[in-house]
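Asker: Predicted model follows, preceded by the sequence.
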Amino acid sequence: MLGKRGAPCPHPWAALHRAGLINRVLAPSNRRLFGDRCPPISLSCFQTPRRIPYSEAIGQEFRPAKVGDSFGPTWETCWFKVELSIPPAWAGREVHFVWESDGEGMVWRDAQPVQGLTKEGEKTSYILTRSMKEPEPHSLTLYVELACNGLFGAGKGSMIAPPDPDRRFTLSKAELVVFNRDVYELLMDLEILLDMAQLLGEENQRSFQALYTANQMVNVCDVMDPSTFPAARDLAAAIFSQRNGESQHTIHAVGHCHIDSAWLWPYEETIRKCARSWVTVVRLMECNPELTFACSQAQQFEWVRSWYPGLYAQVQDFVAKGQFVPVGGTWVEMDGNLPSGESMVRQFLQGQRFFQEQFGRICSEFWLPDTFGYSAQLPQLMRGCGIRRFLTQKLSWNLVNAFPHHTFFWEGIDGSRVLTHFPPGDSYGMHGRVEEMLKTVKNNKDKGRVNHSAFLFGFGDGGGGPTQKMLDRMKRMTDTDGLPRVQISTPDRLFSALEKESSQLCTWVGELFLELHNGTYTTQAQIKKGNRECERILHDVEVLSTLAVARGGAFQYPASQLQRLWRLLLLNQFHDVLPGSCIQLVVEDALQYYAEIRRAGARLQEEAVQSLCRELLQPKAGNTESTLVLNTLPWERTEVISRTGPAGTETLGMSNLGVAHIPEFLTGAETTNKEILCLSLPWGGFTDVRFLLWTLSYFKLSLNCVPGGCCANQFALFDDVPLYWDAWDVMDYHLETRKPVTTLLKPLEITLAGGLRGSASFSLQIGESSTLTQEIILDATCPYLRFLTQVEWKEAHKFLKVEFPVQVRSTNATYEIQFGHLQRPTHWNTSWDWARFEVWAHKWLDLSEHGFGVALLNDCKYGASAHGNILSLSLLRAPKSPDAMADITHHQFTYAVMPHLGSFQDAGVIQCAYNLNFPLHVVPASSARCPPWSAFSVSSPAVVLETVKQASPRGRTVVVRLYEAHGSTLVAWLQTSLPVQEAVLCDLLERPAAQGRLPLEQRGLRLSFTPFRVLSILLVLRQ
């Protein structure tokens, strides 16, 4: 090999070092990439603690500012007024406004946002002109809105640490510059060639061809003479134009900008992150008409529509052109484990309707790249919402087992299947580098089955999105021999190609369990409780409002109010909020939203009850003893209910009706029901009393279901120190630190001795500074024992659980999930088994052998486990990042234990768990008599009527949603007392099914179910 003047090179790799040298000289040198510079004529600013609109900001009093000034503290906003004048000598040159700060910025021009500026996202300049022309204005005024937070918030010492409240943010650069485009293009050529030379390897001849070309470019290029650049670039173009063979893998590159709707920053800041990121994408699309950008989360579109209407209009234009591509179909990228089945339906319903209304189309792919696991019921819900494709990559984070596929069919618990793709590069924030392209091909676990894969490029999590540099890298790799074929594509083109190749794909059955972040089932218990309670509140408001409309009168279904409340709840189900992996500011916002749902929900519920039962609620002189009981669940219930009297005393009574009027409450002394329990506990031993209560709760079976020598309701405290992701992770080694909680603060005493209710209470010391008080309650006729628990929690890096060892042997335990249940092993035979040492469930889990079992119910918990014969419910954690005060507060929750004969299905565990979560509504009433009235009933206990709501926007049309809960194939009859004139099957978006009309028969509506099938029906009511 000869050098520039014929001198021999000792080894071809020496050229690589020489080419690297020229790259290192040029890349950081602003003297080369940027030419002449010019400071602003004037720079001034004002600071505010509020996030205010542009129109308000420009009317404020600005004070002088300069480069080098610092601003803050964290979460403040600084507005800068920048007056610029472009020198006449720069005519014909490309001129940029350069702005560098460690805060996030937005450039405003002519009252519109025009460019996001984020140093961490490699966006530090706004292009004023590609070639300065005489008619263009040489003087102009820009405003820069600077948020005092970085791309990833303001963590003190590390990204996920709690925000530093006193952090300052420095303006390090603000100037006009001449941008040397020819230098930039030369650098891009060299970068791709050098990466090919280094990464393709010595065994690949293309690496040598790239190496020799880079060396030749060094030889012909004079850094001081731009006229030599074209010849050097021609050499690179010759390499990039050599094409691949037909069998080469095709990479579908799609612009992407994952924006967490809240995480290390509050919701309000996310609105600005969306604007900063999307306006940057719009600028790129104007210069790169081939660019496509996939964007999920209808909530973020709604934010931009409301706060940035000018930008939103531009987004709409690019959606119409097919460049800005809405994906996902949900309101937010929600958690994939904890929301109820109905909440997941509403995520799709709200999202798909928004996209249909705003853009004339629904999404055809579910997009959830960063969520901490995926429920086995999701495939059915996707298909019911018009979606047959799914994209994520989060299972690449598995700590133990590598997931075996990147492209496969995913089959849910009902048998529904969706085509699923994990980008083989294992990221949703690629930068378009050669290394990433090669990894995408090498890492693909389905080689030979498919020859196409996704490549999502752009800064993400905190926003940012694609850059011009990413696009320019990939333009050089469009079809270059030695590299995979790279094409700017869309999700639809990707999945269409995969569908054509799908005949050999494998199928994964069941949940997609993430072997990491399983502390998120427990962290921020108040958020979990708020979610469960608000799901119940909205369910009950919809049921009662629908019945009030059906009963006639002037009552109007509160559709707009319910939509607002549902959207607040759905927003809080974002995958860093409901899991609890967010900063304290976000927790405060979430709890405020739950409080608003509770307030507004209580008002809407009262209005519905007043309309539904108006003649029964009129007070009658001299009689205040009557009570109205409303049941929002679809089965009869026999329960002890309570009513608070005028003096604050509580009176107990019994109800066994769907919607009932009880003229008189029975007290424990007045009833002779043989199943009523009378507690007499002569000894004060803590453990012994718990054994007694456990046995009493199961007295009908004459069995003791606690193994000898074991304690039921045993609290245990664990050390909980993850490797890094504090709020997210609980590691398997925490199990080695178990310490039973045994310090008694207040011995057990009887609080109610018998009658309709028996109860006893005690208090415990937990750890160094926490306390637990519990009332153990057994009601007449109730098959489960309740544990009403209050905790003053003040721990650090501790994990509190409650354990129930049971006299049951089974290799699998059953856990409730959305619209069904699944089984997980109770053993750790394989790495796949022990990676699930901590799992999630909804309202119940059960361990059964033939003929007998024990279920554990709860009203707001999600973390659980069943190992061997021990059922465990996770109660509280105490992480310190990103919220240093996570869970340090008062907590109240209830769980229950339910021994049963036979299977959990036959014993009614599912119904009991609903009963625990959906208490009867007890309303003071007049003494007027009223027969019991039931709106709906289902002939089979295997079918749960989950939802009753008004269809939107169909007036007097009701949607009812049912699911098969036992895992069986059956025919069930739905009966209703509502004046139904027509019944039609519909999908989850409430679109009538073709040939879905159901005959109205004397027994009701005949419905066919297969295991875990979800059915939705439109009931058109007579006027």
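Answerer: Done, it's in. These numbers come from a predicted model, not from an experiment. Numbers count the residues shown, from 1 in each chain.
Asker: any low-confidence regions in the stretch 1-150 of the chain?
Answerer: 1-31 (pLDDT under 70).
Asker: all helices for it, in order.
Answerer: 12-26, 30-33, 54-57 (DSSP state H, counting those that start in this stretch).
Asker: Apart from its neighbours in sequence, what residue is nearest Lys273?
Answerer: Spatial nearest neighbour of Lys273, chain neighbours left out: Gly463 (3.9 Å); criterion: Cβ to Cβ, 6 or more residues apart in numbering. C-beta coordinates here come from the backbone N, C-alpha and C atoms, glycine included.
Asker: Now do that neighbour against Trp108, distance only.
Answerer: Separation of Gly463 from Trp108 (Cβ to Cβ, to the nearest Å): 17 Å.
Asker: Same question for Arg551.
Answerer: Taking Cβ to Cβ, one finds Arg551 at 54 Å from Trp108.
Asker: before we move on, back to that, so Gly463 and Trp108 - more neighbours on which side?
Answerer: Between Gly463 and Trp108, counted using other Cβ atoms under 10 Å, Gly463 has the larger neighbour count: 29 against 22.
Asker: got the contact list for the more buried one?
Answerer: Going by Cβ atoms under 8 Å, 6 or more residues apart in numbering, Gly463 touches Glu104, Gly116, Thr118, Gly121, Leu151, Cys257, Ile259, Lys273, Cys274, Arg276, Ser277.
Asker: what's the closest of the residues you listed to Arg449?
Answerer: Cys257 (30.1 Å; Cβ to Cβ).
Asker: What about that closest one, how many residues nearby?
Answerer: 29.
Asker: so it makes contact with Gln297?
Answerer: No: counting by Cβ atoms under 8 Å, Cys257 does not reach Gln297; the two are 10.8 Å apart.
Asker: show me where pLDDT drops low in this structure?
Answerer: Using pLDDT under 70, the chain drops low at 1-31, 618-625, 645-651, 653-703, 927-930, 954.
Asker: Buried residues, the longest helix along it. List them.
Answerer: If each helix of the chain is counted by residues according to DSSP state H, the longest one is helix 584-612. Across helix 584-612, burial judged by 16 or more other Cβ atoms under 10 Å covers 584-587, 589-591, 593-594, 597, 600-601, 604-605, 607-609, 611-612.
Asker: Pop the domain breakdown of the chain in here.
Answerer: 12-28+184-241, 39-179, 250-509, 520-616, 626-665+920-933, 677-917, 935-1022 (the TED database).
Asker: Please enumerate the strands of the stretch 351-500 of the chain.
Answerer: Along the stretch 351-500 of the chain, counting by DSSP state E, counting those that start in this stretch, strands occupy 365-367, 389-391, 407-411, 417-421, 452-457, 485-488.
Asker: would you turn those into JSON lines with distance to Leu211?
Answerer: Output for the strands of the stretch 351-500 of the chain, formatted as JSON lines (distance: least, Cβ to Cβ, whole Å):
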{"stretch": "strand 365-367", "distance to Leu211": "40"}
{"stretch": "strand 389-391", "distance to Leu211": "37"}
{"stretch": "strand 407-411", "distance to Leu211": "34"}
{"stretch": "strand 417-421", "distance to Leu211": "35"}
{"stretch": "strand 452-457", "distance to Leu211": "25"}
{"stretch": "strand 485-488", "distance to Leu211": "21"}
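Asker: which stretch among those strands comes nearest Glu202?
Answerer: Of those, nearest to Glu202 by Cβ to Cβ is strand 485-488, at 23.8 Å.
Asker: Can you list the strands that the closest one pairs with?
Answerer: Next to strand 485-488 in the sheet, as set by DSSP bridges, lie strand 250-256 (parallel).
Asker: tilt between the partner strand and strand 417-421?
Answerer: Here the directions of strand 250-256 and strand 417-421 differ by 90 degrees (axes from the mean of the first three to the mean of the last three Cα atoms, to 10 degrees).
Asker: Taking strand 452-457 as reference, get the angle to strand 250-256.
Answerer: Using the same axes, to 10 degrees: strand 250-256 against strand 452-457 is 30 degrees.
Asker: Buried ones in strand 250-256, by neighbour count?
Answerer: Quick answer for strand 250-256 (16+ other Cβ under 10 Å): Thr250, Ile251, His252, Ala253, Val254, Gly255, His256.
Asker: got it, and stretch 322-330?
Answerer: Applying 16+ other Cβ under 10 Å to stretch 322-330 flags Gln323, Phe324, Val325, Pro326, Val327, Gly328, Gly329, Thr330 as buried.
Asker: so who does Pro87 touch?
Answerer: Pro87 neighbours (Cβ under 8 Å, 6+ apart): Asp36, Cys38, His138.
Asker: out of the residues you listed, which are inside strands?
Answerer: With strands defined by DSSP state E, the entries of the contacts of Pro87 inside them are Asp36, Cys38.
Asker: For the buried residues of stretch 322-330, work out which two are farthest apart.
Answerer: Gln323 and Thr330 (21.7 Å).
Asker: Can you list the strands that the helix or strand where Leu800 lies pairs with?
Answerer: Counting by DSSP states H and E, the element that carries Leu800 is strand 798-805. Sheet pairing for strand 798-805, assigned by DSSP bridges, gives strand 714-719 (antiparallel), strand 870-877 (antiparallel).
Asker: Quick check: next helix or strand after it?
Answerer: Next element after strand 798-805 (DSSP H and E): strand 812-817.
Asker: chain center to stretch 461-479: distance?
Answerer: Put simply, stretch 461-479 sits 27 Å off its chain's centre (Cα atoms, centre = their mean, to the nearest Å).
Asker: Compare the strands paired with strand 798-805 and give me the one nearest Pro899.
Answerer: Closest to Pro899 of the strands paired with strand 798-805 is strand 870-877 (Cβ to Cβ; 11.3 Å).
Asker: is it true that Asn244 touches Asp481?
Answerer: Yes: Asn244 is in contact with Asp481 according to Cβ under 8 Å; the separation is 5.4 Å.
Asker: what residues are up against Ser872?
Answerer: The contact partners of Ser872, taken as Cβ under 8 Å, 6+ apart, are Lys801, Val802, Glu803, Phe804, Ala864, Ser865, Ala866.
Asker: Same question for Asp461.
Answerer: Leu151, Phe152, His258, Ile259, Asp260, Trp263, Asp370, Gly429.
Asker: Strands along the stretch 51-200 of the chain, start to end?
Answerer: Going by DSSP E, counting those that start in this stretch, the stretch 51-200 of the chain shows strands at 63-64, 70-71, 77-85, 94-101, 104-109, 112-117, 125-129, 139-147, 169-179.
Asker: want to throw these into CSV with distance to Leu778?
Answerer: Shown next, in CSV, are those (distance: least, Cβ to Cβ, whole Å):
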stretch, distance to Leu778
strand 63-64, 70
strand 70-71, 62
strand 77-85, 57
strand 94-101, 63
strand 104-109, 57
strand 112-117, 60
strand 125-129, 70
strand 139-147, 56
strand 169-179, 59
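Asker: closest one to Ala525 among the ones you listed?
Answerer: Across the strands of the stretch 51-200 of the chain, Ala525 has its closest neighbour in strand 139-147 (30.9 Å, Cβ to Cβ).
Asker: Now do the closest one and strand 77-85, the angle between them.
Answerer: Going by the same axes, to 10 degrees, strand 139-147 is angled at 160 degrees with respect to strand 77-85.
Asker: residues of strand 139-147 that come out buried?
Answerer: Per 16+ other Cβ under 10 Å, strand 139-147 contains these buried residues: Leu142, Tyr143, Val144, Glu145, Leu146, Ala147.
Asker: Show the contacting residues for the third one.
Answerer: Going back to what we said before, that points to Val144. Val144 sits next to Trp79, Phe80, Val82, Trp99, Gly105, Met106, Val107, Trp108, Leu117 when contact means Cβ under 8 Å, 6+ apart.
Asker: Next, count neighbours for the closest residue to Ala590 other than its chain neighbours.
Answerer: The shortest distance from Ala590 to any residue other than its chain neighbours is 4.8 Å, reached at Asn572 (Cβ to Cβ, 6+ apart). The burial count assigned to Asn572 is 27, neighbours taken as other Cβ under 10 Å.
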